[in-house]
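1. no FASTA, just this:
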């Protein structure tokens, strides 16, 4: 392996960091319940990755088994217990546990516990996952065709 292709060509560096204090509220949902914090979006990372903090209320459930064709997804548990499906079996992941799923890898997650949980989701390379998270609530009233188009547009392929 080698380093990626050079992106910055200046000689003195630049002021371009993005700081997000912990006190910043979630971008979607309610704090302490089901919420998503946009820590680093595709726009802020210039397409390199997307990083999100997910807060899950007790018994929150989660997405069914699916895969992505163009992005990998990684999970890092911050607090509580999150059930992660690694394509073969469900694992009770706890604080400090990590799962990486490459493109094409089957996976799912959910909070089945009686306690809240938090995790980081990392997508690489970056993709506009914010539009996916924000559009999920509109799928309840979507036709099968609209739902299929939305999922295809957002590189999410669910399996039975």
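-> It's in. These numbers were taken from a predicted model, which means no experiment stands behind them.
2. In three-state terms, how would the residue nearest the centre of the chain be classified?
-> What sits nearest the mean C-alpha location of the chain, by C-alpha atoms, centre = their mean, is residue 121, with 3.7 Å. Using DSSP: H, G, I helix; E, B strand; the rest coil, the structure places residue 121 in strand.
3. same deal with residue 131?
-> In the three-state summary, residue 131 is assigned as helix, counting by three-state DSSP.
4. Can you tell me the element the residue nearest to residue 85 when sequence neighbours are not counted falls in?
-> Nearest residue to residue 85 in three dimensions, chain neighbours excluded: residue 108, at 4.0 Å (C-beta to C-beta, 6 or more residues apart in numbering). In short, each C-beta sits where N, CA and C put it, glycine included. When elements are defined using DSSP states H and E, residue 108 is found to belong to strand 108-110.
5. Give me the distance from that strand to the chain's centre.
-> On the basis of C-alpha atoms, centre = their mean, to the nearest Å, the separation between the geometric centre of strand 108-110 and that of its chain is 11 Å.
6. circling back to that earlier point, what about the closest residue to the residue nearest to the centre of the chain other than its chain neighbours, helix or strand, and which?
-> The shortest distance from residue 121 to any residue other than its chain neighbours is 4.6 Å, reached at residue 52 (C-beta to C-beta, 6+ apart). Residue 52 belongs to strand 50-56 when elements are defined using DSSP H and E.
7. following the longest helix seen in the chain, which helix or strand comes up?
-> Ordering each helix of the chain by length in residues (DSSP state H) puts helix 144-153 first. If you walk from helix 144-153 toward the C-terminus, the next helix or strand you reach (DSSP H and E) is strand 157-158.
8. Let me know the secondary structure of residue 137.
-> What three-state DSSP gives for residue 137 is helix.
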